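*Asks:* Kindly generate the corresponding structure for this input.
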Amino acid sequence: MKKTVIYQIFTRLYTNKNNTRKPNGTIEENGCGKMNDFSPSLLKQIREMGVTHVWYTGLLRHATMTDYSTFGIPRQHPAVVKGRAGSPYAICDYYDVAPDLAVDVKKRMEEFERLVNRTHRAGLKMIVDFVPNHVARQYKSIAHPWGVHDLGQDDDPAQGFTPRNNFYYCPGQAFTPYFDLYHGERRAYSEKPAKATGNDCFHNAPGMNDWYETVKLNYGVDYYAGQTPSSFQPDENQPLPDTWQKMLRILLFWAGKGVDGFRCDMVEMVPASFWAWATQEVRERFPEVIFIGEVYNPQEYRHYVASGFDLLYDKVGMYDVMFDVLCHHRDAGAITQAWQQTDDIRQHMLYFLENHDELRLASDFFLGKAEKALPAFVTCALLGQNPVMLYAGQEWGERGMDEEGFSGLNGRTTIFDYWSLSPDRDNDLSRYYRRVLDIAGKEKAIEQGQMFDLMYVNQHLHRQYAFIRAYKEQLLLIVANFDDVPVNTEVFIPQHAFNYLNISPRTCDATDLLTGKSLNVSLQPGQPISISLGARESVVLKL
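*Replies:* Residues are numbered from 1 along each chain as shown. Predicted structure coming up:
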């Protein structure tokens, strides 16, 4: 089975060729990428990079300061929108497509459907966001199918909590956050009673660090009575909470459009019992659909795998370890501990070094230079059969060092503002990424082979990481140098590796798949193999 490689694309930025980049600029000033920009030739290029799945971030209609009211789309009050473009995680219509991304706003759903078809014709799978925990403060669907009641439509706001409500309320209290509710408008934003805020803020006055632009969805968990999502089970004697049914319809709607998978936001804030039910219901009709969970508690990983998730972010695990190893806060041997902690569910772990939430590798807040992260990418991509993800721009060294507007200068690419990415995309770095992904996609030892970690017999390695991938008689010896200086070292392969991988001793020519260079290697138990590596350099020796 081919190794899964997920490519996250922030859709509004990726194809935007307008390089004005005015801080807090409007869509007219700074431009915006469109779904139609993803031509067959562009998608072919993405596929040829080694990608199997494209995660288009920000496709669903979300709160924005751009006014589309002439198209019948409700205008959002700017006081409850973050940035001019708005957060793609403040959905204001689960059944609609972001008008920013359409050439013809009236035909935005048709443009979406054509994007699905083009993606599939390019040999790629399509992933979209499912944001189950919260919605925009002014959520109102204008595109829901006939007969579907809108979120909150049947709520009783006089009750802070009831499983029949879709939102949580603060009865009798107006929404009074820290900021000015006018935000340049004639009329202040008004909400009474206030709804609970998306980051489990159950009072009427969220602060500047709260997700104040969102409201929390109610899955039947009575937070006011001390219940938590992890322990919640619906009452067997009562109907399922209303929100469960509505969110399932949304998943089925997009699966029916041909979407191949859902990247599910903030999974732990929604009951695991909902996921177990919803994933099963979706797969009864669309058995090939995959679910990717954003999970941050490693103690809950197995719980969510059991609840139907195919893949989980390994953020508080492999990502955090790689961050420390890259910055020399921990020895490379910590990588061994990271994969061992999830070895029983390894095929479900999604490795990554960047996404829209994390620092850009090349930012001044992280490494300052994207090339320094290459040993980590080689390791993440080749260590196991489990999937790897990269965030568009990572492969050409996008720095995230612009002060775009609401986002500010924070080492990340903005998700709130109209902006564009660097036009310099075909460089040595991007070609290196393609070589690594080519190895991951074509070498049987990576796709199907076993892994043997060599660190326990090479304890002299502190800033280098060494492992073997083997399939039948094919053997790959991979050594990554995380140090900032060149190193000449020796790597030992123990007898146990020969027995475990069923490989025979030999003397043969080995080719470094990253450079094409050859060298003669004597592969014998306990006999050292001499390896020379440049600063932050790796070798993938095929024997």
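*Asks:* Check for me that residue 230 belongs to a strand.
*Replies:* No. Secondary structure assignment (DSSP: H, G, I helix; E, B strand; the rest coil) places residue 230 in helix, not in a strand.
*Asks:* which residues sit in contact with it?
*Replies:* With contact set as C-beta atoms under 8 Å, 6 or more residues apart in numbering, residue 230 has these partners: 268, 271, 272, 300, 303. Where you see a C-beta, it was placed from the backbone N, CA and C, and this is true even at glycine.
*Asks:* residue ranges for the helices of the stretch 251-400 of the chain, please.
*Replies:* Read by DSSP state H, counting those that start in this stretch, the stretch 251-400 of the chain holds these helices, from start to end of the chain: 272-285, 301-306, 320-326, 334-340, 374-382.
*Asks:* got it, and the chain?
*Replies:* With DSSP state H, the ranges of helices along the chain come out as 11-14, 27-30, 40-48, 108-121, 242-256, 272-285, 301-306, 320-326, 334-340, 374-382, 428-442, 444-447, 495-501.
*Asks:* Out of the helices of the stretch 251-400 of the chain, which one sits most buried?
*Replies:* Among the helices of the stretch 251-400 of the chain, judged by mean count of other C-beta atoms under 10 Å, the one packed with the most neighbours on average is helix 374-382 (a mean of 26).
*Asks:* by contact count, what packs against that helix?
*Replies:* In terms of contact count using 3 or more C-beta pairs under 8 Å, 6 or more residues apart in numbering; DSSP states H and E, helix 374-382 is assigned the packing partners helix 320-326, strand 349-352, strand 388-391, helix 428-442, strand 464-471, strand 474-481, strand 538-542.
*Asks:* Going by contacts, tell me the helices and strands next to the fourth one.
*Replies:* Helix 428-442 sits against strand 5-10, helix 374-382, helix 444-447, with contacts defined as 3+ C-beta pairs under 8 Å, 6+ apart.
*Asks:* With the third one instead?
*Replies:* Taking 3+ C-beta pairs under 8 Å, 6+ apart as contact, the helices and strands that strand 388-391 lies on are strand 5-10, strand 349-352, helix 374-382.
*Asks:* re earlier: ok, which of the helices of the chain comes nearest residue 76?
*Replies:* Each of the helices of the chain was checked against residue 76 via C-beta to C-beta, and the shortest separation belongs to helix 27-30, namely 13.9 Å.
*Asks:* contacting residues around the closest one?
*Replies:* So helix 27-30 is contacted by 16, 18, 20-22, 66, 84-85, 100, 417-420 (C-beta under 8 Å, 6+ apart).
*Asks:* Any of the residues you listed buried? List them.
*Replies:* Buried subset of these (neighbour count, 16 or more other C-beta atoms under 10 Å): 16, 18, 21, 66, 84, 85, 100, 417, 418, 419, 420.
*Asks:* Now residue 432: closest residue in space that isn't a chain neighbour?
*Replies:* What sits nearest to residue 432 in space, not counting adjacent residues and going by C-beta to C-beta, 6 or more residues apart in numbering, is residue 374, at 6.4 Å.
*Asks:* ok so, going back, compare the helices and strands packed on helix 428-442 and say which comes out lowest on pLDDT.
*Replies:* Of all the helices and strands packed on helix 428-442, the minimum mean pLDDT falls on helix 444-447 (a mean of 95).
*Asks:* Which other helices and strands does it contact?
*Replies:* Counting contacts by 3+ C-beta pairs under 8 Å, 6+ apart, the secondary-structure elements packed against helix 444-447 are helix 428-442, strand 464-471, strand 474-481.
*Asks:* Ramachandran angles for residue 49?
*Replies:* Dihedral angles of residue 49 (phi, psi; degrees, to the nearest 10) stand at phi -70, psi -20.
*Asks:* Which members of the contacts of residue 230 are the farthest-apart pair?
*Replies:* Greatest spacing in those, by C-beta to C-beta: 271 and 300 (11.9 Å).
*Asks:* before we move on, the earlier item: adding distance to residue 458 as columns, could you present the helices and strands packed on strand 388-391 in CSV?
*Replies:* Output for the helices and strands packed on strand 388-391, formatted as CSV (distance: least, C-beta to C-beta, whole Å):
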stretch, distance to residue 458
strand 5-10, 29
strand 349-352, 22
helix 374-382, 15
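*Asks:* Quick one: closest of these to residue 331.
*Replies:* Set against residue 331 and scored by C-beta to C-beta, these come closest in helix 374-382, at 13.3 Å.
*Asks:* With mean neighbour count as extra columns, can I get the helices and strands packed on helix 444-447 in CSV?
*Replies:* Listed next are the helices and strands packed on helix 444-447 as CSV, based on neighbours: other C-beta atoms under 10 Å:
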stretch, mean neighbour count
helix 428-442, 18
strand 464-471, 23
strand 474-481, 24
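*Asks:* Distance to residue 45 for the helices of the stretch 251-400 of the chain - can I get that in JSON lines?
*Replies:* Formatted as JSON lines, the helices of the stretch 251-400 of the chain follow (distance: least, C-beta to C-beta, whole Å):
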{"stretch": "helix 272-285", "distance to residue 45": "31"}
{"stretch": "helix 301-306", "distance to residue 45": "34"}
{"stretch": "helix 320-326", "distance to residue 45": "27"}
{"stretch": "helix 334-340", "distance to residue 45": "31"}
{"stretch": "helix 374-382", "distance to residue 45": "19"}
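*Asks:* can you tell me which of these comes nearest to residue 359?
*Replies:* Ranking the helices of the stretch 251-400 of the chain by distance to residue 359, with C-beta to C-beta as the measure, places helix 320-326 first at 8.5 Å.
*Asks:* I would like the residues contacting the closest one, please.
*Replies:* Outside helix 320-326, the residues touching it (C-beta under 8 Å, 6+ apart) are 329-332, 334-335, 337-338, 353, 366-367, 372-373, 375-376, 379-380, 465, 482.
*Asks:* got it, and stretch 179-193?
*Replies:* Stretch 179-193 has contacts (C-beta under 8 Å, 6+ apart) with 77-80, 137, 157-158, 169-175, 204, 208, 212.
*Asks:* one more time with 10 Å
*Replies:* Counting contacts by C-beta atoms under 10 Å, 6 or more residues apart in numbering, the residues outside stretch 179-193 that touch it are 65, 76-81, 137-138, 157-160, 167, 169-177, 204, 206-208, 212, 215.
*Asks:* Buried residues in that stretch, which are they?
*Replies:* The neighbour-count criterion (16+ other C-beta under 10 Å) identifies 181, 189, 191, 193 as the buried residues of stretch 179-193.
*Asks:* can you check stretch 137-146 too?
*Replies:* If you call a residue buried by 16+ other C-beta under 10 Å, then stretch 137-146 has these buried ones: 137, 138, 139, 140, 141, 143, 144.
*Asks:* what are the phi and psi angles of the first one?
*Replies:* Torsion angles at residue 137 (phi, psi; degrees, to the nearest 10) stand at phi -60, psi -40.
*Asks:* can you list the helices and strands packed on helix 374-382 in TSV and add mean pLDDT and distance to residue 401?
*Replies:* Output for the helices and strands packed on helix 374-382, formatted as TSV (pLDDT from 0 to 100; distance: least, C-beta to C-beta, whole Å):
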stretch	mean pLDDT	distance to residue 401
helix 320-326	98	18
strand 349-352	98	20
strand 388-391	98	15
helix 428-442	97	16
strand 464-471	97	29
strand 474-481	96	26
strand 538-542	97	26
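*Asks:* Among these, single out whichever gets nearest to residue 512.
*Replies:* Among those, the nearest to residue 512 by C-beta to C-beta is strand 538-542 (5.0 Å).
*Asks:* what helices or strands is that closest one leaning on?
*Replies:* In terms of contacts (3 or more C-beta pairs under 10 Å, 6 or more residues apart in numbering; DSSP states H and E), strand 538-542 is packed against helix 374-382, helix 428-442, helix 444-447, strand 464-471, strand 474-481, strand 506-512, strand 518-523, strand 529-533.
*Asks:* Understood, closing this out.
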